[in-house]
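> Would you be able to build a 3D model of this:
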Amino acid sequence: MENTSFEDKVLVCKSCQNEFDWSAKEQAYYLKRGLQKQPQKCAACRQKANKLRDSSMFYVHCGFCEQDGAMLAPPPKDQVAICENCYQDLLKKGNDLNSPSVAS
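Numbering: from 1, shown residues only. Down below sits the predicted model:
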């Protein structure tokens, strides 16, 4: 972000996988604040994560059922985060991740 001329960018949220716009104005703000990395979450996911962080919880977007959830620990960086209900379903089904009924 060394360049001071910015253009709007479309990024993909690491939590919900939806695209979001990172405006030139926001990029200039990041530069002014000394922030080196571009945002990884959309505004809605950032807001949810910030609210939960205040209560020592972490926001996740379940990779199986697409519902929002919360965890006591940070979501894994190299794995798909799953909600408690999907986790319990996986345990009941013997961790068969290829089962079509698990992802429903």
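
> what secondary structure does the residue most central in space within the chain sit in?
Centroid-nearest residue in the chain, with CA atoms, centre = their mean: residue 15, separated by 1.8 Å. Under DSSP: H, G, I helix; E, B strand; the rest coil, residue 15 falls in the coil class.

> Output the longest helix belonging to the protein.
For the chain, the longest helix by residue count, based on DSSP state H, is helix 43-54.

> quick one: contacts of that one?
By CB atoms under 8 Å, 6 or more residues apart in numbering, the residues outside helix 43-54 that reach it are 13, 15-16, 20, 39, 41, 58-59, 61, 68, 70. The way it works is simple: take the backbone N, C-alpha and C, and place the C-beta from them, glycine included.

> ok, now with 10 Å
Helix 43-54 is contacted from outside by 13-16, 18, 20-21, 26, 39-42, 57-61, 68-71, 74-75, using CB atoms under 10 Å, 6 or more residues apart in numbering.

> What is the burial count for residue 77?
7 (other CB atoms under 10 Å).

> Secondary structure class of it, three-state.
Residue 77 - assigned by three-state DSSP - is coil.

> May I have the predicted confidence score for it?
Reported pLDDT at residue 77 in the predicted model: 74.

> Helices of the chain, start to end?
24-33, 43-54, 84-92.

> Can you lay out these as TSV showing distance to residue 9, mean pLDDT and mean neighbour count?
What follows is these, written out as TSV (distance: least, CB to CB, whole Å; pLDDT from 0 to 100; neighbours: other CB atoms under 10 Å):
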stretch	distance to residue 9	mean pLDDT	mean neighbour count
helix 24-33	7	93	13
helix 43-54	14	82	14
helix 84-92	32	86	14
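
> Reformat those as TSV; add distance to residue 4.
Listed next are the helices of the chain as TSV, based on distance: least, CB to CB, whole Å:
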stretch	distance to residue 4
helix 24-33	7
helix 43-54	24
helix 84-92	45
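
> Minimum distance to residue 6: which of those has it?
Proximity to residue 6 (CB to CB) singles out helix 24-33 among these, at 3.7 Å.

> tilt between the closest one and helix 43-54?
Angle of helix 24-33 versus helix 43-54, following axes from the mean of the first three to the mean of the last three CA atoms, to 10 degrees, is 40 degrees.
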